[in-house]
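Colleague: predicted model, plus sequence, below.
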Amino acid sequence: MKGIATVVSRDTEKQSSNSDNSIGAQSNIVFHCSTHSLVSESTPTTPPLDPKFAALKEITQEDLETHDEDSENPWLLINGYICDVTEYRFEHPGGEGILSEHAGSDASEAFGNVGHTDFAKKKMENLAVGRLKGYKPKDETEDASSSDSSVLKFVLIPIVLLLVAYFVNQYVKSLGN
């Protein structure tokens, strides 16, 4: 960045002596500076870990699996977070059963499909006792594909079923005439 600022200040000094083109030259310099800084900065290929997430203790898949529905302290894996739901399972609005069903395993898809609120997501983070060893956050393309399949499941299938029911109803009515 220091090198860019030096170049800009030299170009500005040269152009400021020519009063006819100083405004146009300055805007070209700003544009050049912006373009140069965008090119020189590298973009990470994977999103950085949230500092709170990175600070959590790493827990192995095998250790997670020992905290299944038969355990006294069940754990869930949700988007890399390993959450101890021992106390919360009795308060969970969806009931204890759904948490027990996924205890000791990856509940990320089930958690995402329900459409939890920001409050619920924050609650989940507060229940975290660790993070899965080797977990890599999903990139945006994976999220887009999973949301596409959710649209397919929850919108298109009911529409098709309604259309089939309508045409079956019309067919049955036509037989009655």
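Modeller: That came through fine.
Colleague: may I see the buried residues of the host helix or strand of A110?
Modeller: For A110, the element it lies in under DSSP states H and E is helix 108-114. Of the residues in helix 108-114, 108, 110-111 count as buried by neighbour count, 16 or more other C-beta atoms under 10 Å. C-beta coordinates here come from the backbone N, C-alpha and C atoms, glycine included.
Colleague: CA atoms only: put the helix or strand following that helix into PDB for me.
Modeller: Following helix 108-114 in sequence order, the next helix or strand is helix 118-126 (DSSP H and E). Once non-C-alpha atoms are left out, helix 118-126 reads as follows in PDB (Å, rounded to 0.1, in the frame of the first residue of the first chain):
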ATOM      1  CA  ASP A 118     -31.100 -16.300  14.800                       C
ATOM      2  CA  PHE A 119     -31.900 -16.800  18.500                       C
ATOM      3  CA  ALA A 120     -31.800 -20.500  18.100                       C
ATOM      4  CA  LYS A 121     -28.500 -20.400  16.200                       C
ATOM      5  CA  LYS A 122     -27.000 -18.300  19.000                       C
ATOM      6  CA  LYS A 123     -28.300 -20.700  21.500                       C
ATOM      7  CA  MET A 124     -26.700 -23.600  19.600                       C
ATOM      8  CA  GLU A 125     -23.400 -21.700  19.600                       C
ATOM      9  CA  ASN A 126     -23.700 -21.200  23.400                       C
END
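Colleague: quick one on the thing from earlier: residues in contact with the helix holding A110: which ones?
Modeller: With C-beta atoms under 8 Å, 6 or more residues apart in numbering as the test, helix 108-114 has contacts from 76-79, 94, 98, 102, 124, 146, 150.
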